[in-house]
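K.L.:
Below are the sequence and a predicted model; questions follow.
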Amino acid sequence: MKNIEMPTLEELQEMAAVDIRTVDRSTLVELDDVEIHEELPQAERIADYIKQIKNFKPDVIVSFLPKTIIISMLCKILFFRNIPVIVGERANPVARKNIIGKLNDILFKKADGCVFQTSDAKKYYNIIDESKQIILKNPVSSEFDVEPFKGERKKVIVTAGRLSEQKNHELLIEAFSKVKDKFPEYKLVIYGDGPLKDKLQNKIEAVGGENNIILAGRVNQIIDKIYDASLFVLSSNFEGMPNALLEAMSLGLPCISTDCPVGGPREIIVNNENGVLVKLNNADDMANAIDKILSDREFAEKIGNNANKIYNQFSVENVCNKWEAFVTKIMKKFYNK
């Protein structure tokens, strides 16, 4: 294991005194040269992070996820006061009840810029200064910019995501089990891997779904697997802005999603217009929605065609332009104090 030298007090003071605007750009390292040493103990990893910031001399630090936000903000407060930090909330802050969540909540508000994926997440933090915050949703890769599938769709219901408590695939399995006898020609295919694989397989056997519910594992090209499916279902307990749902809608698939806390799906689905929202953790409600879409081809085509129209809002170019504009605004505000 690489031996990481802890920064000295003099080095930390030197870092704190750096004025980013006067840095010689020829001395900077390439981003590809910066490594995050996951194998290090936490204290050494933080020291390594501090040293890399010193060497890299960034104009701005952008940080996601609670632990990295905490580290970035503590380092800013202690060592990098002359570097702006932008933080992003990508999940459900309400669900974090531990000390990490509480510390994240405190430090998040002290950042120079705050990015949210949903309006509900923005409301949670209740930051007064509107100029330092923005709602930016996830981009959708250009490979999903396609015309909706035309013709007879495969009699397959699909979902994709980590096999975890958050994704609540048990709910989807339970809901499908309620309609599988009415639609015996359909299969439910769950793409993804994770710690609940055995538990979900037991659930499949418990509902008698061994012949028509498949745990297909992780795949690299999900578009090839779901493009001509009849239906995509997201059964999550909570989400930020779910990529899998955005991608499925961009392909023009009829989509069902639970109405998750913090509102990712409800901000992109207009119920019964470009998708269907169902009650959280309610198998009957989800089963009824599946029944309606499989039974009513005209309705399925309508919501699929309307869903396909969201791609332009979430194209990589569109989202990146918004990110660039926001980061530029925060930097100008910070350096022109």
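P.N.:
Done, it's in.
K.L.:
From now on I want contacts and neighbour counts done on CA atoms only, so please keep to that.
P.N.:
Noted.
K.L.:
Show me what the helix or strand residue 307 falls within is packed up against.
P.N.:
Taking DSSP states H and E as the criterion, residue 307 maps to helix 297-308. Where contact means 3 or more Cα pairs under 8 Å, 6 or more residues apart in numbering; DSSP states H and E, helix 297-308 is packed against helix 243-250, helix 283-295.
K.L.:
ok, residues contacting the last one?
P.N.:
Counting by Cα atoms under 8 Å, 6 or more residues apart in numbering, the neighbours of helix 283-295 from elsewhere in the structure are 171-172, 174-176, 178-179, 230-231, 254, 256, 276, 278-279, 299-300.
K.L.:
pLDDT on that helix, on average?
P.N.:
In this model, helix 283-295 carries a mean pLDDT of 98.
K.L.:
again, but for the shortest one
P.N.:
Taken as a whole, helix 243-250 has an average pLDDT of 94.
K.L.:
Distance from the helix or strand following it to the middle of the chain?
P.N.:
Beyond helix 243-250 on the C-terminal side, the first helix or strand identified by DSSP H and E is strand 255-258. Offset of strand 255-258 from its chain centre (Cα atoms, centre = their mean, to the nearest Å): 16 Å.
K.L.:
Tell me the buried residues in strand 255-258?
P.N.:
Neighbour-count burial for strand 255-258, with 16 or more other Cα atoms under 10 Å as criterion, is recorded at 255-258.
K.L.:
State the pair within those residues that is farthest apart.
P.N.:
255 and 258 (10.3 Å; Cα to Cα).
K.L.:
Overlap in contacts, these two.
P.N.:
With Cα under 8 Å, 6+ apart as the test, residue 255 and residue 258 both reach residue 234.
K.L.:
who touches stretch 206-225?
P.N.:
Contact with stretch 206-225 is made by 144, 173-174, 177, 186-193, 197, 201, 204, as judged by Cα under 8 Å, 6+ apart.
K.L.:
Name the residues of that stretch that are buried.
P.N.:
209, 212-215, 217-218.
K.L.:
Same question for stretch 191-209.
P.N.:
So for stretch 191-209, counting by 16+ other Cα under 10 Å, buried means 191-193, 196-197, 200-201, 203-204, 209.
K.L.:
got the residue ranges for the helices in the stretch 101-250 of the chain?
P.N.:
Per DSSP state H, counting those that start in this stretch, the stretch 101-250 of the chain carries helices over the ranges 119-125, 169-177, 197-206, 222-226, 243-250.
K.L.:
returning to that earlier point: can you tell me which of the contacts of stretch 206-225 comes closest to residue 45?
P.N.:
residue 193 (28.6 Å).
K.L.:
Can you report how many residues lie near the closest residue in space to residue 194 that isn't next to it in sequence?
P.N.:
Ranked by Cα to Cα, 6 or more residues apart in numbering and with sequence neighbours excluded, the top spatial neighbour of residue 194 is residue 163, at 4.3 Å. A count of nearby residues for residue 163, using other Cα atoms under 10 Å, gives 24.
K.L.:
Tell me the pLDDT of the residue nearest to residue 38 when sequence neighbours are not counted.
P.N.:
In this structure, residue 38 finds its nearest non-sequential neighbour in residue 45, 7.3 Å apart by Cα to Cα, 6+ apart. At residue 45, the model reports a pLDDT of 77.
K.L.:
the longest helix in this protein is where?
P.N.:
Counting residues, the longest helix found in the chain (DSSP state H) is helix 316-335.
K.L.:
The strand or helix carrying residue 43 - contacts with which helices or strands?
P.N.:
Using DSSP H and E, residue 43 maps to helix 42-56. Counting contacts by 3+ Cα pairs under 8 Å, 6+ apart, helix 42-56 is packed against no other helix or strand.
K.L.:
partners of the helix or strand that it is followed by in the sheet?
P.N.:
Using DSSP H and E, the next helix or strand after helix 42-56 towards the C-terminus is strand 61-64. Next to strand 61-64 in the sheet, as set by DSSP bridges, lie strand 85-89 (parallel).
K.L.:
okay, the angle between the partner strand and helix 316-335?
P.N.:
140 degrees (axes from the mean of the first three to the mean of the last three Cα atoms, to 10 degrees).
K.L.:
Let me know the average pLDDT across strand 85-89.
P.N.:
pLDDT averaged over strand 85-89 gives 94.
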